[in-house]
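[1] below are the sequence and a predicted model for it; my questions follow.
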Amino acid sequence: MSGEARRAVTVEEILRHNSQSSCWLVVDGKVWDLTSFAPQHPGGGAIIWQHAGRDASASYNSIHAPSVLASNLDASCYKGELDASTVTAEWAAQTANDSDNNNNNNNNNNNDSDRKPPLASVISAQDFEDAAAASASAKAWAFYSSADTDCVTRDANRRDFSRIRLRPRLMRDVKAVSTATTILGERAGLPVFVSPAAMARMVHPDGEKGIARGCVAQRVPQCISTNASFPIAEIVASLYVNKDRAASAALLRHVRSLGVRTVFVTIDAPQPGKREADERVRADTTLASPMSGARAANDSRGGGMGRLMGGYIAADFTLAELGWLRSHWPGGRVVVKGVQSWEDAALCFQAGVDGVLLSNHGGRNLDTAPSSVLTLLECQANCPEIFARPGFEVLVDGGIRRGADVLKCLCLGATAVGLGRPFLYANCYGSEGVAHLVDIIRGELETAMALVGITDLAQCGPEYVSTLELDGMVVRGREHPYAKGRRGGGPGYLWNISMYMHI
Ligand code: HEM
Ligand SMILES: Cc1cc2nc3c(=O)[nH]c(=O)nc-3n(C[C@H](O)[C@H](O)[C@H](O)COP(=O)(O)O)c2cc1C
């Protein structure tokens, strides 16, 4: 920052930039010009314009790490230090009103401890979910829990696990049960990893860092979203996501240089879903802040936070570009996340990637897509070869809430499973909550393993599950069993992949 930019800036001057056409705001005593950046803000321009000419520290700090502004904006956007001697009671009071509005509508971390039960009384993933429902802000709860339109797929992800029954084999020695395994070449304490989820800071100031701390000791690998609340270097050692390929390549190089060995490419979000609970909360916020201009961010499909995230996503990343991705990820592993049909799983397998994550984004993008465990069954029925190649991993996420769900996936050929929302919910308690969740899932898995008669994950096999209740829903082959008519021929098989990186 230049010497000139370090000058003291008066409130009177800041107030001259209180509009969309000239938008300055103060964060932690520093004055920033966000005029050009605001329309591209991934969380929407409205939230920034709402604070034009004011102090935005409370709003900013509840979501972002201190370094985000400086590391994403050009140095010329920094205007100097707030001249504290010029702060008037009226300016300070307006700022306080804004923060109250924002905290009520958007953020949290304000005195929620009395609404959460003590951690020691939490004994299941569902208990964590209930604790989050009771203690997170309306905004955070809507963002985390919502899913596309009628939430059919989100709910089926969970329900289909209860439709698969375990088949115990008894009279075996199950005194010593081990859940240790390897996931994508990394030693792991159990066959579970953290699925990437944006904005973990909405329920706890430590955000993804808290999840990381809770996982390291438990040897649970964490997949970090490019929409994380912190710079990546602060988590493993926040990312500004850019859909232009050169920026993505630079991002890959940076992440690789931090020692990250696996990149997950999420393909199931070329368009974000229509998450109505999330959109309704945003609509409420807009109404509460008439000067925000947020209506401009709403279109006929709604303007929730999830929808705004879509601005990041390139909808033209295709199978052919997996080679490009590999060239920018030398020596590392590539996993394709969001596979929802056996045909795409087989294509990824043939393309030579290191694995697929069978996932429907927790039901957040395309409602009525198959539950993830149904996709797993579909792969078994149509392309069993993908389970046989050493080194090619079939991972699953979506609706996994119990150790028994983990066991069912492994018995059906998965090498490991991801949990998304449970980690976000556990993070309401910070890293301690995250570690506690891992303990719970491990304990449930050990019990389920012993009770079906196995002591090591290598012994998992399809003989321990009955899938009869789901078998009628498993697609076989490429063709519809009887619907053969097609108007206009159709485009055949197209692959539309988004460039949405994860490490
Ligand atoms: C260069 C600076 C900034 C960057 C790179 C940035 C980036 C982001 C990103 C990636 C998101 C998440 C979007 C999503 O995943 O849905 C977000 C959301 C958000 N940001 Fe920023 N941001 C910046 C500045 C600010 C400032 C100055 C404020 C305060 C006025 C702010 C307040 C918020 C809020 C409140 C959200 C949540 C959106 C919502 O409530 O719907 N950000 N930002
Ligand atoms: C709040 C939230 C944010 C998410 N953000 C991302 C993301 O940034 N990238 C991504 O690939 N998947 C994202 N996902 C999807 C998860 O990685 C995962 O596929 C899904 O949550 C698994 O389902 P579950 O929540 O039922 O465990 C997100 C999920 C949630 C709930």
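    Yep, that arrived. Residues are numbered from 1 along each chain as shown. Ligands and ions are numbered 1, 2, ... in the order given.
[2] which residues in the stretch 401-503 of the chain form helices?
    403-411, 421-426, 430-452, 468-471 (DSSP state H, counting those that start in this stretch).
[3] please apply the same query to the stretch 251-400 of the chain.
    Using DSSP H, counting those that start in this stretch, helices in the stretch 251-400 of the chain cover 276-288, 305-309, 322-327, 342-351, 372-382.
[4] most tightly packed of the helices of the stretch 401-503 of the chain?
    helix 421-426 (a mean of 28; mean count of other C-beta atoms under 10 Å). The C-beta positions use only the backbone N, C-alpha and C, and glycine is treated the same way.
[5] run the chain-centre distance for that helix.
    11 Å (C-alpha atoms, centre = their mean, to the nearest Å).
[6] quick one: list the elements packing against that helix.
    helix 125-135, helix 138-145, helix 430-452 (3 or more C-beta pairs under 8 Å, 6 or more residues apart in numbering; DSSP states H and E).
[7] for these, which one sits closest to ligand 2?
    helix 138-145 (4.4 Å; C-beta to the nearest ligand atom).
[8] what bridges to the nearest residue to Ala70 once chain neighbours are set aside?
    Once flanking residues are discounted, Ala70 sits nearest to Tyr78: 7.5 Å by C-beta to C-beta, 6 or more residues apart in numbering. Note on Tyr78: beta-bridge partners Trp32, judged by DSSP bridges.
[9] I figured Tyr78 was touching Asn72, is that so?
    No: using C-beta atoms under 8 Å as the test, Tyr78 is too far from Asn72 to be in contact (11.7 Å).
[10] of those two, who's got more company?
    Per other C-beta atoms under 10 Å, whichever of Tyr78 and Asn72 has more neighbours is Tyr78, with 18 against 15.
[11] quick one: low-confidence parts of the stretch 201-350 of the chain?
    For the stretch 201-350 of the chain, the stretches with pLDDT under 70 are 231, 233-244, 282-314.
[12] do that again at 80, thanks
    Residue ranges of the stretch 201-350 of the chain with pLDDT under 80: 226-248, 251, 269-272, 279, 282-317.
[13] if we can go back for a sec, let me have the helices of the stretch 251-400 of the chain in JSON lines, adding distance to ligand 1 and mean neighbour count as columns.
    Formatted as JSON lines, these follow (distance: least, C-beta to the nearest ligand atom, whole Å; neighbours: other C-beta atoms under 10 Å):
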{"stretch": "helix 276-288", "distance to ligand 1": "6", "mean neighbour count": "19"}
{"stretch": "helix 305-309", "distance to ligand 1": "4", "mean neighbour count": "23"}
{"stretch": "helix 322-327", "distance to ligand 1": "22", "mean neighbour count": "16"}
{"stretch": "helix 342-351", "distance to ligand 1": "25", "mean neighbour count": "20"}
{"stretch": "helix 372-382", "distance to ligand 1": "22", "mean neighbour count": "24"}
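[14] turn those into a markdown table, columns for distance to ligand 2.
    A markdown table is the format used below for the helices of the stretch 251-400 of the chain (distance: least, C-beta to the nearest ligand atom, whole Å):
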| stretch | distance to ligand 2 |
| --- | --- |
| helix 276-288 | 9 |
| helix 305-309 | 7 |
| helix 322-327 | 15 |
| helix 342-351 | 15 |
| helix 372-382 | 8 |
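[15] give the helix, strand or coil label for Leu25.
    Following DSSP: H, G, I helix; E, B strand; the rest coil, Leu25 is assigned to strand.
[16] looking at it now. What's its pLDDT?
    Confidence at Leu25, expressed as pLDDT, is 96.
[17] again with Ala197
    84.
[18] before we move on, back to that, could you dump the helices of the stretch 251-400 of the chain into TSV with distance to Asn18 added?
    Putting the helices of the stretch 251-400 of the chain into TSV (distance: least, C-beta to C-beta, whole Å) gives the following:
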stretch	distance to Asn18
helix 276-288	19
helix 305-309	23
helix 322-327	44
helix 342-351	50
helix 372-382	48
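[19] out of the ones you listed, which gets nearest to Phe37?
    Across those, Phe37 has its closest neighbour in helix 305-309 (14.4 Å, C-beta to C-beta).
[20] mind showing which ranges of the stretch 1-150 of the chain have poor pLDDT?
    In the stretch 1-150 of the chain (pLDDT under 80), the answer is 1-6, 42-44, 62-68, 71-72, 94-114.
[21] which residue does it bring closest to ligand 1?
    Gly43 (2.4 Å).
[22] centre-most residue in this structure?
    Ala197 (1.5 Å; C-alpha atoms, centre = their mean).
[23] re earlier: okay, the helices and strands packed on helix 421-426 in a markdown table with distance to ligand 1 next?
    Shown next, in a markdown table, are these (distance: least, C-beta to the nearest ligand atom, whole Å):
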| stretch | distance to ligand 1 |
| --- | --- |
| helix 125-135 | 17 |
| helix 138-145 | 6 |
| helix 430-452 | 20 |
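[24] so can I have JSON lines of those helices showing distance to Thr226?
    Listed next are the helices and strands packed on helix 421-426 as JSON lines, based on distance: least, C-beta to C-beta, whole Å:
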{"stretch": "helix 125-135", "distance to Thr226": "23"}
{"stretch": "helix 138-145", "distance to Thr226": "16"}
{"stretch": "helix 430-452", "distance to Thr226": "20"}
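[25] ok, Glu378 to Val353 distance?
    19 Å (C-beta to C-beta, to the nearest Å).
[26] just Lys175 next, same as before
    Following C-beta to C-beta, the distance that separates Lys175 from Val353 is 40 Å.
[27] those two - which one has more neighbours?
    For Lys175 versus Val353, the count of surrounding residues by other C-beta under 10 Å is larger for Val353: 20 against 7.
[28] count of residues packed around the nearest residue to that one once chain neighbours are set aside?
    Ranked by C-beta to C-beta, 6+ apart and with sequence neighbours excluded, the top spatial neighbour of Val353 is Val334, at 4.7 Å. Around Val334 there are 18 other residues, counting by other C-beta under 10 Å.
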